[in-house]
Each structure stands twice: as C-alpha cells, then as structure tokens.
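S.K.: build me a structure from this.
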Amino acid sequence: MTATTAPTKKALLMLDYQVALCEEGPYLRMPPLAAQIAERGVLATAEKVLTSARAAGVFVVHVRLAFDPSYRLRTNRLPRFDPYEQNRAMLADSPEAQIVKALAPISGEPVIDKGCVDPFVGTPLREVLAAEGVTEVVLGGVATNLVVESAARHASDSGLQVTVVEDMCASFRADFHAFSVENMLPLFGAVIGSAELKF
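M.R.: Presented below is the predicted three-dimensional model:
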C-alpha cells in the first residue's frame, strides 16, 4: 500500500506592515526601519506578492501590533514595551496602527491584533490557520529579526512548513536583516526571493 501525501495549503501572513513602522510622515515611530523598507522597495514587493496571492485564491492573514485602551491585553511586559502604554501609542483605532494603504486588507482577509512580537502568542492565529486547513505559511514583514523570525520559529515548532520571502522583509539595519536571512531563518524554513515564489 502506497502512502499518500496530503496536499499543501498555503497561507500568506502579512506581518506588521503598519503606518508607524513603514511610512514617512507624522505617525512614523521608527525612522531607521522605514528607511530600510524604502531602500529595499519592500512595500512594492509586498504589494506584488499580495496581488498574486489574492489572484491564486490563497488565504491571506494580516497581523499588526495594536493595543486596547487598557493595555492589559499586552502580553509582552518587558520595559522596552512600556513606552507604548506611557505614550498611548499603537492603539487599535489610531492612524499609526493601521496597515499601510497599499497592503490594506480586503473583505474576507482577517486582521490579527497582537500585544507582543510573536504573532502566535495571545492570538487565535494558529487556530485560524488550522481551521482553514493550512499546512504552510508564507511570511513577509518587518522587522525581519523580530516578527518574521518569531513567526517562523513558532510556526515551524507548531508543525507548519515555513517559507520566508526575503525581499518582503527589512530590519532597522541592513546587517540585522542579512544576519537573520543568512543564519537564523534557514533553521526554520525556506528563504526565497519573491521571483521564486509560486502560489
């Protein structure tokens, strides 16, 4: 009797493509990250991949850092997260917490709000993927060595296959991004360019 392999079902996870992180303007919180995003053309690449995923009928999930007014749902309680609460920053309804216009969700695409770096911690993301029958996640986001790495680690440990689209990602410094894609992310999945990606 020959064993059969179940078909792979992919989901595209769009990670932290938010106004405060990605766009020059009054809501920008991390200029070095936005500069790397612009230099690498990340948003244009992400838009192309997102368009292809939608055309192929791939399940798309958007993830963002966004807080409720109490900040009690914030799962990361390290001091480096304290300024969000102190400054009433990244509230879910605020302009800065929104996903950039070019990558904005459309009908049928869920948005997962998280209170930490890892998009799986304190959110229903894993359960949502399981309910959709997803077996492989395709990741793109900012910053490479934070949310993308955290998502890749958690997804692979949860039994999902992981593909990271390198040119959909950027970090605060070019060397941070390079170290992650060359040394860390390959431990948890495939790292490819958008030209290699097939849906």
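S.K.: what helix or strand does residue 172 sit in?
M.R.: Of the helices and strands defined by DSSP states H and E, none includes residue 172.
S.K.: state the pLDDT value of it.
M.R.: As predicted, residue 172 sits at a pLDDT of 97.
S.K.: residue contacts, it?
M.R.: 30, 32, 33, 36, 143 (C-beta atoms under 8 Å, 6 or more residues apart in numbering). In this view, the C-beta of every residue, glycine as well, is placed from N, C-alpha and C.
S.K.: same list (those) but as a markdown table, adding neighbour count.
M.R.: Formatted as a markdown table, these follow (neighbours: other C-beta atoms under 10 Å):
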| residue | neighbour count |
| --- | --- |
| 30 | 16 |
| 32 | 13 |
| 33 | 24 |
| 36 | 22 |
| 143 | 25 |
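S.K.: buried ones in the helix or strand bottoming out on mean pLDDT in the chain?
M.R.: Scoring the helices and strands of the chain by mean pLDDT, DSSP states H and E places helix 82-86 at the bottom, with a mean of 91. Judged by neighbour count using 16 or more other C-beta atoms under 10 Å, the buried positions of helix 82-86 are residue 84.
S.K.: just stretch 52-68 next, same as before
M.R.: Within stretch 52-68, the residues scored as buried using 16+ other C-beta under 10 Å are 53, 58, 59, 60, 61, 62, 63, 64, 65, 66, 67.
S.K.: span of that stretch from start to end?
M.R.: Start-to-end span of stretch 52-68 (C-alpha to C-alpha, to the nearest Å) is 33 Å.
S.K.: now do the contacts for the spatially most central residue of the chain.
M.R.: For the chain, the residue nearest the mean C-alpha position is residue 15 (1.5 Å; C-alpha atoms, centre = their mean). Residue 15 makes contact with 63, 119, 139, 140, 141, 142, 147, 148, 151 under the criterion C-beta under 8 Å, 6+ apart.
S.K.: fine by me, thanks again.
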